[in-house]
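Peer 1: sharing a sequence plus its predicted fold:
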Amino acid sequence: MKDLTKGRPEKLLLSFSLPIFFGNLLQLTYSLVDTRIVGSYLGKHALAAVGATSTMSGLLIGFLMGLANGFAIIQAQCFGAKDMRRLRKSLAASFVLGGGITLVLTVLGLVFLNPILRFLNISEQLMGTAREYIFIIMAGMIVTLLYDVCAAVMRAIGDTITPLIILAISVVLNIVGDMFFICVLKTGVRGAAIATVLAQLIALIVCIIFMLKKYDILRLQREDFTFMEKNMIGEMLNSGLSMGFMSSLVNIGSLSLQTAINKLGEDIIVAHTAARKISEIFMIMFSVFGQAMATYCGQNLGAGEIGRIKKGIKVAIVYTCIWCTFTIIASYTIGSWLVHLVTGSKNTVIIENATNYLKFDTLFYYVTAFICIIRNALQGIGDHITPLVSSSLEMIGKIVLAWLLVPCLGYTGVILSEPIVWFIMVIPLIVQILRTPVLKVKEG
């Protein structure tokens, strides 16, 4: 466990964030390896089918992760206030509320899967393969949610090492599973999806065992599931749904772009899939320090250490801006090599379009870094509205720009749309940090 309410924020945030960074990097490395295995062993058609549904799977998985992280903000506040009874009750509520919401989403998603795929403008040639993959991913969402809840509560009490170890196990199992199902059993894209769900299931079991053995304060009893306070349930839903919808609104905007991209042909779908995979690595520090700030602000708010919050935000922004500079350098020096590494393709259309995306969009990452830090910090101090307003602007902006720019400019319209949206969505965040009383308190 790590108490983020004491000590220098510079060292605390760095030591807390590094395991999250390596964990996210492991996850993204698996995603890249998965993409490479599918592209190398199953071909461009299979890779395009998986890529055409990647935004949809990202939407669902992002919502579940946001839901779990939102619940964890309440848990961080309980831990900061040293209220362990309430911490256990909030964990029990996470399983009950999160499990119920996920089951509803799973049923609706599977029932309406065909209309959803048609809405995504997935071509008839890709439809069957895409459906095989996304059906299995959606059916396994309850496993994803339960794992996310367990990992999030450990981060909420300051342990980022255990989730990292368990994630490493999951990634290795994922890669081995991919090779076994795709190369040995010849199950096609279904194998990649099955390997993902099975690896998450094993990771969930290991996570529960670690959690029960290592932390007495997280050992739930029957009483933790009964007599749940209405106020707590309200707080949990406000925080969880706010974080979940914040992620979803972002991904809905990306989904609208994907529907436009899916009309531009397989080469562009593959190019964008590669560009987004690399962008996820480039943006890794934004999500890392975003998660760190949600926990940091939650613990310090719970402990009444208000003056430390503003200083922590400044430190996180400095760290992420340094990272932004490295991503720009990488885009202009090894960008094309990274695209080839991800796709295994030497197709000039794929490589040039993906590289152009990276070179242009990374120039504006400083804005994105600021957005990620402030949105999560506001969530951590209990402001669940402003982050949603910002994310709604992102969603609306991407939908409008996909409709206006892509038909006229093709993939160039996609490249231009994201930075334009970033400058729009940062406005309410700037206004709110100037108005929030907590952020006006003198730094401690």
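Peer 2: That came through, no problem.

Peer 1: going forward, measure contacts and count neighbours with C-alpha atoms only.
Peer 2: Will do.

Peer 1: now the stretch 301-444 of the chain, which segments are flagged as low pLDDT?
Peer 2: For the stretch 301-444 of the chain, applying pLDDT under 70 flags the ranges 438-444.

Peer 1: can you pull out the helices in it?
Peer 2: For the stretch 301-444 of the chain, applying DSSP state H, counting those that start in this stretch gives helices covering 307-343, 348-361, 365-380, 386-404, 406-409, 411-435.

Peer 1: relative to helix 365-380, how tilted is the first one?
Peer 2: Between the axis of helix 307-343 and that of helix 365-380 there is an angle of 130 degrees, by axes from the mean of the first three to the mean of the last three C-alpha atoms, to 10 degrees.

Peer 1: in helix 307-343, which residues are buried?
Peer 2: Neighbour counts over helix 307-343 (16 or more other C-alpha atoms under 10 Å) mark 307-313, 315-317, 319-321, 323-324, 327-328, 330-331, 335-336, 338-340, 342-343 as buried.

Peer 1: with the last one instead?
Peer 2: Judged by neighbour count using 16+ other C-alpha under 10 Å, the buried positions of helix 411-435 are 411, 413-422, 425-426, 429, 432-433.

Peer 1: next: the second one.
Peer 2: Applying a neighbour-count criterion of 16+ other C-alpha under 10 Å, the buried positions in helix 348-361 are 350-351, 353-361.

Peer 1: a markdown table for these, including distance to residue 133?
Peer 2: Formatted as a markdown table, the buried residues of helix 348-361 follow (distance: C-alpha to C-alpha, whole Å):
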| residue | distance to residue 133 |
| --- | --- |
| 350 | 23 |
| 351 | 25 |
| 353 | 26 |
| 354 | 24 |
| 355 | 27 |
| 356 | 29 |
| 357 | 27 |
| 358 | 27 |
| 359 | 31 |
| 360 | 32 |
| 361 | 29 |
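
Peer 1: between those residues, which is closest to residue 209?
Peer 2: Residue 209 has its nearest neighbour among the buried residues of helix 348-361 in residue 358, at 41.2 Å by C-alpha to C-alpha.

Peer 1: which residues touch that closest one?
Peer 2: 275, 279, 331, 335 (C-alpha atoms under 8 Å, 6 or more residues apart in numbering).

Peer 1: try it again with 7 Å
Peer 2: Taking C-alpha atoms under 7 Å, 6 or more residues apart in numbering, we find residue 358 in contact with 275, 331.

Peer 1: next one: the one 4 residues further on
Peer 2: By C-alpha under 7 Å, 6+ apart, the residues touching residue 362 are 327-328.

Peer 1: and what of the one 4 residues further on?
Peer 2: By C-alpha under 7 Å, 6+ apart, the contact set of residue 366 is 321, 324.

Peer 1: how far off centre is the strand or helix carrying residue 245?
Peer 2: Element membership of residue 245, judged by DSSP states H and E, is helix 230-261. Relative to the centre of its chain, helix 230-261 is centred 11 Å away, using C-alpha atoms, centre = their mean, to the nearest Å.
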